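# Curious how this folds, go ahead:
(2 chains, ligands or ions: 1)
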Amino acid sequence: MQLFPCPFCGPRDESEFHYGGHAGNARPDGAGMPAEGWAGYLYLRPNPKGTAREIWVHMNCGEFFVMERDTVSHTVLSVTTLGGEHAA
Amino acid sequence: MTASRLAKGGSAIDRSRPIRFSFDGSTVHGFAGDTIASALLAGDVAVVGRSFKYHRPRGIWGAGVEEPNAMVDVGGSLASAPNIRATTEPARDGLVTRSVNATPTAQTDRNAFLDRFARFIPAAFYYKTFMWPDWHMFEPRIRAMAGLGKVDRDWTSPGIADQINHHCDLLVVGAGPAGLAAAKLAAGAGLSVTLVDDQRKPGGSLAHRAGDVDGKPAATWVAESVAQLAGAGHVILPSTPAFGIYDHNLVGLNQRHFDGRPDTLWRVRPRQIVLATGAIERPLPFANNDLPGIMSADAALVYLRRYAVLVGRRVVVATNNDSAYEVAAALAEAGADVTLVDIRRDGMPDTPAKVRLVKGQALASASGRLRVEGVTLDDGTRLDADCVLVSGGWTPTIHLFGQARGKLAWSEQRAAFLPGDAVDGIAVAGAASGAVSLSEVFASSVNAVASLGETAEPAPRSTGPESTGGISAAWPMPGSKGRIWIDYQNDVTAKDVELAARENFVSVEHLKRYTTLGMATDQGKTSNLPGLALMAAITGRTVPEVGTTTYRPPFTPVPLPSFAGVRVGEMLAPLRRLPLENVHRASGGVFQEYGGWLRPAHYGGGADADRSIQDEALRARQSVALFDGSTLGKIEVIGPKAAEFLDFIYYNTMSTLKPGRCRYGFMLSENGVVFDDGVLVRLDEHRFVVSCSSSHVAAVHARLEEWRQDRFGRGAVYIHNATADMATLTVSGPNARKLVETLELGLSLDDAVLPHMAIGHGSYGGDEVRIARVSFTGDRSYEISIRADRAEPLWAHLRQAGQAFDAVLIGLEALMILRAEKGFIVIGKDTDGTTLPHDLGSDAPRAKRQADYVGRRSLFTDEASRGNRMQLVGLTVPQGEAPLPTGGHGITRIEGRLRSQGFVTSSYQSPTLGRPVALGLIERGGARHGEAIEIQHLGKIRTATIAAPCAFDPAGDRLHA
Ligand SMILES: [Zn+2]
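The predicted model follows:
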């Protein structure tokens, strides 16, 4: 079981977290977005081997944050609040 | 005979406490401290089980967790578990044990005839033979014959297994010499240490191998070391196998108790780990090497020194390495006639006293029927023997290291895989790292602790005899004569491995799956390495070129209650409960689970639930109904951007809602699909309450939080889930207003002041109440919300005053009928994962709204604009017919074939209308009102008429009546 560092609560078991998609998947607002662009926002995921930037939510405190981690070694590289503060 | 208990000795047994248990119906005598295996050996029970496939007689092989043969089903008052290793299970008074895969007993198994057909059932026999016409024809009978132990279906766990989360600086796995030394060094360096071992007493090999440490007998050094660690507050857990290392070095331990209590699961998060897990002795390859009486040489020494059991009188010890010499010496000393057969010609230790040495020879075969009677050497020499002890070398126990993704390195010198490159935070010491002599073991402990960055001194000093590491590999070879067992537990022979190679299953993973080598409950602890060494020889590769299979937890079997902990029975998925549950039960409420909530389905009715539900639905329309709607979601959205936020969240514009008013709307997912529906209440300019579906509250709350944090910011909106804070009691029906008036809530119920879709504030018994004119029945309704802990008097008042109006309590089933009569949907029942809001007749926001909202773009795709989408409709059948089957499909016929046009989503008998009502999703249904449609269900076809969803009071007059 992995240990994820919630920026608000500290290290906790992975079972307390939910995955919220890859970071940087900005929502294209507006009805004029071409279908391909909208489909990409909805469905296309990078699934990188190695470093990934992801959105996670810690269910216990309800806070979303950005986590950088290595999908091969499972090393957690950094966590950042949505406000941009880095946690140790 | 042959195996017997000696008159004195045995460090593990207490001769003052005799015990008795049964094995296959016979009584076995032993002493406290015995394992089931040691007591069986002391009673000279040779055959303890039957093999998996051929029902061959099998005896005890080892003395530890690697045991492939001696498995028993354990019963009695203290325990019930199948496939328990007799070698690690303490013998206890009153245990009832049975051999596995044997009928009626291991000694006289009636399926033993199968062994005579062995050459017709090689590896993959079942895959190849039972393909045609269909495996499922044969499966039940084959499964009945396969398998080992039997589960006692009537047995229930005596309690809930504790689960403990534990943290320490250093976890040491294995309390043999290497682990004890590492623990003491780390404790000396100031670390908090947890030391665990699978055996009942710490000491490992020091409990049966000779050696002095720091000038003391080994046993004294072990006892002093343990006392010293425990005295300093370190945690020492015997009988606690570490079964797995998981991500980020979480270690799972299963602590055993042996007193009837369930085991305890430990989840340990150590900063660092030392694996001192020892090594496992390998068998030697020769024909019939599975006969009872053929044992691990080291195990014989364990039985002699710990349990005072001499395993035989005429003993042949066969070896390819030095470790068996101490065994031969000890058995000869204890009075056995010992012949030592060493595959090597030179480089051996001195021949022990009273032992005959035959060098440069290996065993070619063993003979005997229900136990070994003799062996034949390579040169044809025959030796009589009642027991054959074998040592084919040592396989370091690197399973946990492998689980932690440690890479292995092949050592030709040790004929074994050793730990390779270091894994962060994990060090390996002792025999697991390839150390053989006690001085090597202690040196490896110093290295292990030092490699973790800790000072490691002073090192213990071994002062006993030094064994050497000499070994001459003795792997099974292709083309050998006779049946040479590789995997005892799964009945895999050398010939099976050769067959796999011929059929090109040469990858180690394919070899495993094709022959089932290493797939039994022992996970191939004694067999994997010989098996892949044989594959290497057959295919002309080296052992490391063949490689190993992936190491996965658990190292030893773990009872499911340990993993379950408290998550059993009701606690597996705890139900949410109403504040007034006991009151409803006193009123005859019959409870069922609805979306995680335990709610009254109906009140009373006994065996005829249907009648009671129909009666509730009918009376609700006649006068007034009381309904507990406390489960309805109440999520408060507060803040300066609350209105803007809700405009984005909802499909409908919400910012135009006036304070004190309510509006019904949909929430969509970004793919446009309707996610939830409900009423939004605007309490004041910056404060709203989102009413969402009862079973959907957590999911809606999570979505609101996500959009709040991602898009609007903490300072703009605040969200609070107040669902559990308040009870909501609903009064509905033509007399609802009159009944609510009796509560004297201190507010005007005049429709001009409190019209449909408005809210008011009052008080009851000094507590604030909120009244919402919202209706899920189609009748005039008042939803009264009050602090959950003050709801009971209000409910009692309504029931008391309701008697004058013939008020009826209704459960969820009657409510479902009332809402279906009105065509009101339940999300997830009347919609599915493709339903868009305009499929439900809600077109206006899609057509008119300019601002963006969740899911908007998805409503303008080709798919969303498709002309033949399934749309919400009502479905009617003639009076007197039964309700349509929910799930039945609307069909068309194209050239004789049926094609689905959609399906029935809700269907009930309406007591008020005196006919069935139904809702469905049907292609182009919105434009087909009045059209007939065939409904197919389980082969039966009926005709229905498509109609508007609302079947009752379409003008909505009753809301205001
Ligand atoms: Zn948190």
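# Look up the closest residue to B:His325, ignoring the ones flanking it.
No His there; residue B:325 is Tyr. Excluding the flanking residues, the one nearest B:Tyr325 by Cβ to Cβ, 6 or more residues apart in numbering or on different chains is B:Pro349, at 5.0 Å. (Each C-beta comes from the backbone N, C-alpha and C, glycine too.)
# What of B:Arg846?
For B:Arg846, the spatially nearest residue (Cβ to Cβ, 6+ apart) is B:Leu859, at 5.1 Å.
# any weak-confidence spans in the stretch 701-850 of chain B?
Nowhere does the stretch 701-850 of chain B drop to pLDDT under 70.
# residue boundaries of the helices in it?
Assigned by DSSP state H, counting those that start in this stretch, the helices in the stretch 701-850 of chain B fall at B:736-741, B:791-802, B:812-822, B:844-848.
# B:Thr240 falls within a helix, correct?
No. With DSSP: H, G, I helix; E, B strand; the rest coil as the criterion, B:Thr240 is located in coil rather than a helix.
# Tell me, how many residues neighbour A:Asp13?
Using other Cβ atoms under 10 Å in any protein chain shown, A:Asp13 is surrounded by 15 other residues.
# And it, what's its pLDDT?
In the predicted model, A:Asp13 carries a pLDDT score of 94.
# ok, now B:Ile245?
Looking at B:Ile245, its pLDDT is 97.
# Same question for A:Ala88.
You'll see A:Ala88 listed with a pLDDT of 44.
# so B:Asn320 touches B:Ala474, yeah?
Yes. Using Cβ atoms under 8 Å, B:Asn320 is in contact with B:Ala474, at 4.2 Å.
# does the ion sit close to the one helix or strand A:Arg12 maps to?
Taking DSSP states H and E as the definition, one finds A:Arg12 inside strand A:10-13. No. Against the ion, strand A:10-13 shows no contacts by Cβ under 5 Å from the ion, the least distance being 6.8 Å.
# Give me the buried positions along that strand.
A:Arg12 (16 or more other Cβ atoms under 10 Å in any protein chain shown).
# what residues does that strand touch?
Residues from elsewhere that reach strand A:10-13, judged by Cβ atoms under 8 Å, 6 or more residues apart in numbering or on different chains: A:Met1, A:Gln2, A:Leu3, A:Phe4, A:Pro5, A:Cys6, A:His58, A:Asn60.
# Quick one: residues contacting B:Gly733.
Contacts of B:Gly733 by Cβ under 8 Å, 6+ apart are B:Ala620, B:Arg621, B:Gln622, B:Ser623, B:Val624, B:Ala625, B:Thr777, B:Asp779, B:Arg780, B:Ser781.
# quick one: pLDDT of the fifth one?
So the one you mean is B:Val624. For B:Val624, the pLDDT comes out at 97.
# Tell me who's in contact with it.
Listed by Cβ under 8 Å, 6+ apart, the contact partners of B:Val624 are B:731-736, B:738-739, B:802, B:805-808.
# Hmm, B:Thr515 is touching B:Lys53, no?
No. The criterion here is Cβ under 8 Å, and B:Thr515 misses it with B:Lys53 at 11.0 Å.
# where are the low-confidence patches of the stretch 151-300 of chain B?
Within the stretch 151-300 of chain B, no stretch has pLDDT under 70.
# One more: chain A?
Low-confidence segments of chain A (pLDDT under 70): A:84-88.
# would you list every one of the helices in it?
If DSSP state H is used as the criterion, the helices of chain A fall at A:35-43.
# tell me which parts of it are close to the ion?
Within chain A, the positions adjacent to the ion are A:Cys6, A:Phe8, A:Cys9, A:His58, A:Cys61 by Cβ under 5 Å from the ion.
# Next, name the residue at the spatial heart of the chain.
Went with chain A since none was named. When Cα atoms, centre = their mean is applied to chain A, the residue found nearest the centroid is A:Ile55 (1.5 Å).
# wrong one, I was asking about chain B
Chain B has B:Phe563 as the residue nearest its centroid, 6.4 Å off, counting by Cα atoms, centre = their mean.
# now B:Lys822: how far from B:Ala722?
With distances taken as Cβ to Cβ, to the nearest Å, B:Lys822 is found 28 Å from B:Ala722.
# Looking at those two, which is more packed in?
B:Lys822 (22 against 12).
# ok, back up a step: contact partners for the residue nearest to the centre of chain A?
Residues in contact with A:Ile55 (Cβ under 8 Å, 6+ apart) are A:Tyr19, A:Gly20, A:Gly21, A:His22, A:Ala23, A:Phe64, A:Phe65, A:Val66, A:Met67.
# now B:Val740
Residues near B:Val740 by Cβ under 8 Å, 6+ apart: B:Val731, B:Leu749, B:Ile771, B:Tyr782, B:Ile784.
# Contact partners for the first one?
The reference is to B:Val731. Listed by Cβ under 8 Å, 6+ apart, the contact set of B:Val731 reads B:Val624, B:Ala625, B:Leu626, B:Leu739, B:Val740, B:Ser781, B:Tyr782, B:Ile784, B:Leu798.
# Closest to chain A out of the residues you listed?
Of all these, chain A sits closest to B:Ile784, with 29.8 Å by Cβ to the nearest Cβ.
# If that closest one is in a bridge, with which residues?
B:Leu729, B:Ile771 (DSSP bridges).
# Checking B:Ser444 next. Helix, strand or coil?
Following three-state DSSP, the label given to B:Ser444 is helix.
# same question, the one 4 residues further on
In terms of secondary structure, B:Ala448 is helix; the call rests on three-state DSSP.
# I'd say it and B:Gly179 touch.
No. Contact criterion Cβ under 8 Å: B:Ala448 and B:Gly179 do not qualify, at 9.7 Å.
# what touches both of these two?
Residues touching both B:Ala448 and B:Gly179 (Cβ under 8 Å, 6+ apart) are B:Val274, B:Ala276, B:Ala429.
# who's in contact with the residue of chain A found nearest chain B?
Per Cβ to the nearest Cβ, A:Gln2 is where chain A lies closest to chain B, at 4.3 Å. Residues counted as contacts of A:Gln2 (Cβ under 8 Å, 6+ apart) are A:Asp13, A:Glu14, A:His74, A:Val76, B:Asp247, B:His248.
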